[in-house]
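Engineer: Sequence plus the predicted model coming up.
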Amino acid sequence: MCTDYRGYLSDGSAVAFKRFKNCSAVGDADFKHEVEVIASVRHVNLVALRGYCTAMTPSDGHQRIIVCDLMKNGSLNDHLFGPKKARLSWPIRRKIALGTARGLAYLHYGAQPAIIHRDIKASNILLDDMFEAKVADFGLAKFTPEGMTHLTTRVAGKMGYVAPEYALYGQLTDRSDVYSFGVTLLELLSGKKALTVSDENHPTVVADWAWSLVKKDKALDVIEAHMPELRPAEFLEKYVLIAVLCSHPELQCRPSMDQVVKMLETDVSVPSIPERPIPLVARIDDIERSIKCNGSDQVSGSGSYRCSRGKKGSTSSGSPIEVSNERRIAYTDTMDI
């Protein structure tokens, strides 16, 4: 169980205490890993660690505490989907998008060794009093050894944000974070959640919905209605195209976070977006049944992943891409969300 507290240091600065009670001492290694990751990076768009400790008390058992700077404006999730959600203006949304992209780019290319976050989502984007984005919660982060292009690891992350190659095969690369960023950017632009399920158990994936509009030359329909202080249409459309490109199901089609930052903050154009595979859909009744059985957010399901021939395109590096002829990959997979 985790409880958050607000506190103040001797210099008067406000901090947040993240307290985990009744922990198993076996998990101390994972806790130490999270602390080491947070402490190893320093960037304006990453949450800064102030301290940590472990303790044992008769009432609460073994517990762990992390102390970080307090973010007065909460998380992006609070503003988009919380009970007191407010309609953020376009300048603030753009600032959040840029800050998040810069923080991720630093993890991938500034940190040594490079760090793959693995759990980028709206609730892990914290906002300070000036709405500067701070990427938080490095509990799932993985260091990437020098010279390695990908890791094969146990799948973890929130459903709707997890890249297909990671969900299906456990293949983790920096492009897995790019996918999650693209989904989060679509949430920021549209005000819609990454994954919603209708009363009839029909899932709607925001990345598929946005792509369907882009294909019809209706990219601006992705933008949330009545957003304050909107900018010219071509500016908004560019952000939508970046989000759709980042959330492409095939990892070789996604740009790097460095390239994303350049596209967001300069006049660098967005590459043509290759045709997407037929959407990957898991049976929602299986997912719900799995959650009830496991008593947690662990998900398992079955389905298929199919690509059909589509448009030729290119990656941001200029490499040509042509969607291959139809292929179907059956899978049964389990992942934590």
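Structural biologist: All right, it came through fine. Numbers count the residues shown, from 1 in each chain.

Engineer: In terms of helices and strands, where is residue 263?
Structural biologist: Counting by DSSP states H and E, the element that carries residue 263 is helix 257-265.

Engineer: just checking, what packs against that helix?
Structural biologist: helix 90-105, helix 174-190, helix 233-246 (3 or more CB pairs under 8 Å, 6 or more residues apart in numbering; DSSP states H and E). Just so you know, the C-beta spots here come from the backbone N, C-alpha and C atoms, and that holds for glycine as well.

Engineer: Using PDB, write out every CA atom in the second one.
Structural biologist: So that's helix 174-190. Only the C-alpha atoms of helix 174-190 are listed here, as PDB (Å, rounded to 0.1, in the frame of the first residue of the first chain):
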ATOM      1  CA  ASP A 174      13.700   3.100 -26.700                       C
ATOM      2  CA  ARG A 175      10.900   3.100 -29.300                       C
ATOM      3  CA  SER A 176       8.700   1.400 -26.800                       C
ATOM      4  CA  ASP A 177       8.800   4.700 -24.800                       C
ATOM      5  CA  VAL A 178       8.200   6.600 -28.000                       C
ATOM      6  CA  TYR A 179       4.900   4.600 -28.500                       C
ATOM      7  CA  SER A 180       3.800   5.400 -25.000                       C
ATOM      8  CA  PHE A 181       4.600   9.000 -25.500                       C
ATOM      9  CA  GLY A 182       2.600   9.100 -28.700                       C
ATOM     10  CA  VAL A 183      -0.400   7.700 -26.900                       C
ATOM     11  CA  THR A 184       0.000  10.200 -24.100                       C
ATOM     12  CA  LEU A 185       0.300  13.000 -26.600                       C
ATOM     13  CA  LEU A 186      -3.000  11.900 -28.200                       C
ATOM     14  CA  GLU A 187      -4.700  12.000 -24.800                       C
ATOM     15  CA  LEU A 188      -3.300  15.500 -24.300                       C
ATOM     16  CA  LEU A 189      -4.500  16.700 -27.700                       C
ATOM     17  CA  SER A 190      -7.900  15.000 -27.700                       C
END
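
Engineer: residues contacting the closest residue to residue 122 other than its chain neighbours?
Structural biologist: Counting by CB to CB, 6 or more residues apart in numbering, the nearest residue to residue 122 once its immediate chain neighbours are dropped is residue 77, at 3.9 Å. By CB atoms under 8 Å, 6 or more residues apart in numbering, the contact list for residue 77 reads 121-123, 125.

Engineer: so what pLDDT did the closest residue to residue 230 other than its chain neighbours get?
Structural biologist: Counting by CB to CB, 6+ apart, residue 230 lies nearest to residue 90, which is 5.2 Å off, once chain neighbours are set aside. Looking at residue 90, its pLDDT reads 97.

Engineer: Show me where the chain has its helices.
Structural biologist: 28-40, 76-81, 90-105, 164-169, 174-190, 206-215, 233-246, 257-265, 284-294 (DSSP state H).

Engineer: Now stretch 165-173: buried residues?
Structural biologist: The neighbour-count check on stretch 165-173 (16 or more other CB atoms under 10 Å) flags 165-168, 170-173 as buried.

Engineer: Distance to residue 6 added to those, as a markdown table?
Structural biologist: A markdown table is the format used below for these (distance: CB to CB, whole Å):
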| residue | distance to residue 6 |
| --- | --- |
| 165 | 40 |
| 166 | 35 |
| 167 | 36 |
| 168 | 41 |
| 170 | 38 |
| 171 | 40 |
| 172 | 34 |
| 173 | 37 |
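
Engineer: Residue 196 versus the residue lying farthest from the centre of the chain, what's the distance?
Structural biologist: Ranking residues of the chain by C-alpha distance from their mean position (CA atoms, centre = their mean) puts residue 58 at the top, at 37.9 Å. As defined by CB to CB, to the nearest Å, residue 58 lies at a distance of 44 Å from residue 196.
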